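Enquirer: Need a 3D model of the sequence below.
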Amino acid sequence: MVSAPATADAESAGVAVIGAGIIGLCAALYLRRAGLDVTVYDAGGAAAGASFGNAGLISIDSCVPGPMPGMVVNVPRWLADPLGPLTIDPAYLPHMFPWLLRFLRAGTPGRALQASRALNAMHRNSFDNYRELVGNERFDDLFRLSGQIQLLKSGPETRASRTVRKIWEQNRVEVEEMEEYELHRLIPAISPDAKRALFFPRNGYTVSPRRLVETLLQCLLEAGGRFRQERVMRIVPEGAGRTRLVTNLDDAAFGKVVVSAGAWSRSLLAPLGVKLPLDTERGYHVMVHGASLDLRLPVLDRNRGFGATPLENGIRIAGTVELAGLDKPPDIRRADVLLDHARHLFPTLRGEKYTMWMGFRPSTPDSLPIIDTVPGRPDISIACGHGHFGMTAASTTGLVVAQKILGSKPAIDVVPYRLGRF
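Expert: Model (predicted):
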């Protein structure tokens, strides 16, 4: 819960939120509910970026960061296999080498454990905060507290798997091991090759990532907030703690600004001297419309780097990581591989129609978002870099951003998410 602003000045100056994705709209709604004058900017409308095409997972017990012990040995394979679960475009490697080096350095057991605690703090109240934002009726329509299944990898224990087990223990993750008969009883259509799995009972999903974001925008408008479908082209700091936004159609000044533009946050903040260690993990999905598969909860195959989620308009097969920047065209072969993986896992899977998508996950090297202010400009907040955890972390991020702007104590310790950690 956020309290009302302490002074009338904060309210009259107004707040601009750049980005109508899941992060920006959660922050905007919390701020508006606290009484501030809020305007959201996004050229593409609500859910035009990563918020549209993600897997829809709300994983409150997901606290394992991306960089893990022993990952450095995988780099040659990432470069060699353009259709693998994680691949790096060799032409893009020189550009992202500093990010990748930080990523590998973050993969020590100690740093992985530290990051896991910050992820756990960010994720554990996700469902409660979403319920507060959209209300009980809309929450029950949009969310399913079904649990999630994660297929177990075969092979001997590794440094990474030992660290994962320690992470789960330290963060009190609720996880149950499933035997083969339990897995096949719950999902009869799964391949006989699937032998064992883990069940995370507290995790769930949204039936429509896009409709969730659109609902948050509708809640904002109902509360008296504003939305402008314009592209913010420049952030111009002015005197007296005011900031002017120059868009493709207009310009306006605000007392507070929140930059939550996903993968495009870096280019917006660069003219202010802010060097965000932010790059994009390009993710793909295939929607199987009219699917023959009766799937009642998400199934994740970490070995092949994808998951299947039963959305309201079909089965979404989503995943993989392609490190290739913002400008390279989508590689549709990666979507084809996703579908092949899904049919291997679910041999009877068929659909009436198939559609594909590619989007940009805004990611930091240590898997933790950046929640801070621009150095020397406390009126300009940063909220981006959530990577694979955006749908889960958004509701708490929005709450924390609003609390910081309002001058109240944040619900969680914000130190792990500061820009200065880099």
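Enquirer: shaky segments in the stretch 1-150 of the chain?
Expert: Scanning the stretch 1-150 of the chain for pLDDT under 70 picks out 1, 3-12.
Enquirer: Could I get the full set of helices for it?
Expert: Taking DSSP state H, counting those that start in this stretch as the test, the helices found in the stretch 1-150 of the chain are 8-13, 22-33, 50-53, 75-80, 93-105, 109-123, 126-134, 136-142.
Enquirer: Which residues does the shortest one contact?
Expert: It stands for helix 50-53. With CB atoms under 8 Å, 6 or more residues apart in numbering as the test, helix 50-53 has contacts from 21-22, 209-210, 213, 262-263, 283, 285, 318, 357-362, 390-391. For the C-beta atoms, the positions are set from N, CA and C on the backbone; glycine is no exception.
Enquirer: hmm, 7 Å instead?
Expert: The contact list for helix 50-53, computed with CB atoms under 7 Å, 6 or more residues apart in numbering, reads 21-22, 209-210, 213, 262, 285, 357, 359-362, 390.
Enquirer: so can I have JSON lines of these showing secondary structure and neighbour count?
Expert: Listed next are these as JSON lines, based on DSSP: H, G, I helix; E, B strand; the rest coil; neighbours: other CB atoms under 10 Å:
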{"residue": "G21", "secondary structure": "coil", "neighbour count": "28"}
{"residue": "I22", "secondary structure": "helix", "neighbour count": "31"}
{"residue": "P209", "secondary structure": "helix", "neighbour count": "28"}
{"residue": "R210", "secondary structure": "helix", "neighbour count": "18"}
{"residue": "V213", "secondary structure": "helix", "neighbour count": "27"}
{"residue": "G262", "secondary structure": "helix", "neighbour count": "28"}
{"residue": "H285", "secondary structure": "strand", "neighbour count": "24"}
{"residue": "W357", "secondary structure": "strand", "neighbour count": "16"}
{"residue": "G359", "secondary structure": "strand", "neighbour count": "21"}
{"residue": "F360", "secondary structure": "strand", "neighbour count": "18"}
{"residue": "R361", "secondary structure": "strand", "neighbour count": "22"}
{"residue": "P362", "secondary structure": "strand", "neighbour count": "28"}
{"residue": "G390", "secondary structure": "helix", "neighbour count": "24"}
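Enquirer: Closest one of these to Y130?
Expert: Nearest to Y130 among the contacts of helix 50-53: I22, at 10.0 Å, using CB to CB.
Enquirer: wait, isn't that closest one in contact with T392?
Expert: No - using CB atoms under 7 Å, I22 is not in contact with T392, being 9.7 Å away.
Enquirer: what ranges do the strands span in the stretch 101-250 of the chain?
Expert: Ranges of strands within the stretch 101-250 of the chain are 143-144, 148-151, 176-178, 197-200, 204-206, 226-228, 232-237, 243-247, based on DSSP state E, counting those that start in this stretch.
Enquirer: Pick the most deeply packed of the ones you listed.
Expert: Comparing the strands of the stretch 101-250 of the chain by mean neighbour count (mean count of other CB atoms under 10 Å), strand 204-206 ranks first with a mean of 25.
Enquirer: Give the pairing partners of that one; include direction for each.
Expert: strand 57-58 (antiparallel), strand 143-144 (antiparallel) (DSSP bridges).
Enquirer: Contacts made by the last one with the rest, please.
Expert: This points to strand 143-144. Counting by CB under 7 Å, 6+ apart, 58, 127, 130, 204-207 sit against strand 143-144.
Enquirer: what about 10 Å?
Expert: Applying CB atoms under 10 Å, 6 or more residues apart in numbering, the contact partners of strand 143-144 are 56, 58, 126-127, 130-131, 134, 204-207, 212, 296-298, 309-310.
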